[in-house]
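Trainee: Would you be able to build a 3D model of this:
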Amino acid sequence: SWVTSMLKSPLKGGVAFRVFYELPTCTEDKEDNEDGQNSRVVNHGGCMMKTLELITADQWGTVYDRHQQLLREYGIPTLDLEATTARKWTVLCDTVAQVARDWRTMTTSTTGMSTHTPGTVYTVCDTHR
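Mentor: Numbers count the residues shown, from 1 in each chain. Below you'll find the predicted structure:
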């Protein structure tokens, strides 16, 4: 599951992800190893010479729920990892096509000129439909 994945790799999402979802970020870690170096140094997203606090499964579960709520609220398409490959391509290509339509509408309304999107995306999608 997503929560298990986050527990296994606590650097996923970085500090910005933690700040956005109001999770603990960095704490000082003064423990030295035998070389006199900080034993848990993390140089990731501003946590140099500090360590990222561990996040519990319950905390990650809350993040997952909040994130899913945002996706639903704003109508953002998601890929079901259990879906068939064909279904995944359909969702992806439909989303890309919608973004291209929105982009053309936005650029046409603000500039008076139609702006074309690169054809490569459509070629890739055409081969998977």
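Trainee: Would you point out the helix or strand in this protein whose mean pLDDT is lowest?
Mentor: strand 50-52 (a mean of 58; mean pLDDT, DSSP states H and E).
Trainee: Tell me which residues of the helix or strand just after that strand come out buried.
Mentor: Per DSSP states H and E, the first helix or strand lying C-terminal to strand 50-52 is helix 57-73. In terms of neighbour count (16 or more other C-beta atoms under 10 Å), helix 57-73 has its buried residues at 59-60, 62-63. Where C-beta positions appear, they are placed from N, C-alpha and C, glycine not excepted.
Trainee: what packs against helix 57-73?
Mentor: If contacts are counted by 3 or more C-beta pairs under 8 Å, 6 or more residues apart in numbering; DSSP states H and E, helix 57-73 sits against helix 2-8.
Trainee: If I look at Gly14, what pLDDT would I see?
Mentor: Note on Gly14: pLDDT of 77.
Trainee: whoops, Asp58 was the one
Mentor: Looking at Asp58, its pLDDT stands at 93.
Trainee: Identify the residues contacting it.
Mentor: Listed by C-beta atoms under 8 Å, 6 or more residues apart in numbering, the contact set of Asp58 is empty.
Trainee: go on, the one 3 residues further on?
Mentor: Applying C-beta under 8 Å, 6+ apart to Gly61 gives the contacts Val3.
Trainee: Model confidence for it, exactly?
Mentor: 94.
Trainee: From Trp89, how far off is it?
Mentor: 30 Å (C-beta to C-beta, to the nearest Å).
Trainee: and if you look at Arg104?
Mentor: 22 Å.
Trainee: So for those two, which sits in the more crowded spot?
Mentor: Just comparing Arg104 and Trp89: by other C-beta atoms under 10 Å the higher neighbour count belongs to Trp89, 17 against 14.
Trainee: Give me the helices and strands touching the strand or helix carrying the more buried one, please.
Mentor: Using DSSP H and E, Trp89 sits in helix 85-111. Packed against helix 85-111 by the contact rule (3+ C-beta pairs under 8 Å, 6+ apart) you find helix 120-128.
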